[in-house]
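Trainee: no FASTA, just this:
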């Protein structure tokens, strides 16, 4: 009786033990179930996304600073470019031993070149170095004793604009070092004579004594 009862009890218990077993990886003791594994995967994805998002934000913030530097650089450009813009020449007349003639606003003597024709300058290169043209970027201003209507601007071969009076492009003389100097008067250089310019637009051909002329007869030098 007891043996039969034990056998029947064992038979009843066997299914219970069998049903209590679960495949590995499906309970807390033998492995993590799908829910736990999925949670870890999602956590990893979230961490990765956060890391990528932080990098892009910092990159975006870092990149946004670049335009400000570029804007700062571009803002300084117009100031530099505009430093000579609108330069205006002041032309007036003054009296002297050679007669009343044109000078600039600082009193430096101005000359015409007989070789110039039809308002076009024939003085370039070495000639322009010895006889710098009077240039301006805006209409010249007429000072005392000068007729404003006679002042114009003419285009030079290098693209700059030169002040002209009564159709004569105007020049300085490199040998004149101070206001009032007229050392270029009557110089024969670069193929023609150089003369002072009168308020009427005509050339002044009066010359001073050779010693005062500063060696102006040496046309081969200029």
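Mentor: Thanks, I have the structure now. Nothing here was measured: the structure is a model prediction, and the numbers come from that model.
Trainee: Checking residue 149 next. Helix, strand or coil?
Mentor: helix (DSSP: H, G, I helix; E, B strand; the rest coil).
Trainee: and it, how many neighbours?
Mentor: 8 (other CB atoms under 10 Å). Glycine gets a C-beta too; all of them are placed from N, C-alpha and C.
Trainee: where along the protein do the strands fall?
Mentor: 90-94, 101-104, 111-113, 141-142, 151-155, 161-165, 168-169, 188-189, 192-197, 203-204 (DSSP state E).
Trainee: Let's have those in TSV, adding mean neighbour count.
Mentor: Formatted as TSV, the strands of the chain follow (neighbours: other CB atoms under 10 Å):
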stretch	mean neighbour count
strand 90-94	19
strand 101-104	24
strand 111-113	25
strand 141-142	16
strand 151-155	17
strand 161-165	23
strand 168-169	24
strand 188-189	18
strand 192-197	22
strand 203-204	19
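Trainee: Quick one: closest of the ones you listed to residue 181.
Mentor: Of all the strands of the chain, strand 101-104 sits nearest to residue 181, with 10.2 Å by CB to CB.
Trainee: The closest one packs against which elements?
Mentor: strand 90-94, strand 192-197 (3 or more CB pairs under 8 Å, 6 or more residues apart in numbering; DSSP states H and E).
Trainee: What pairs with the first one, parallel or antiparallel?
Mentor: Partner strands and pairing direction for strand 90-94 (DSSP bridges) are strand 101-104 (antiparallel), strand 141-142 (parallel).
Trainee: Which among these is found nearest to residue 154?
Mentor: When those are compared (using CB to CB), the closest one is strand 101-104, at 15.7 Å.
Trainee: so what's residue 87 closest to, chain neighbours aside?
Mentor: residue 137 (4.8 Å; CB to CB, 6 or more residues apart in numbering).
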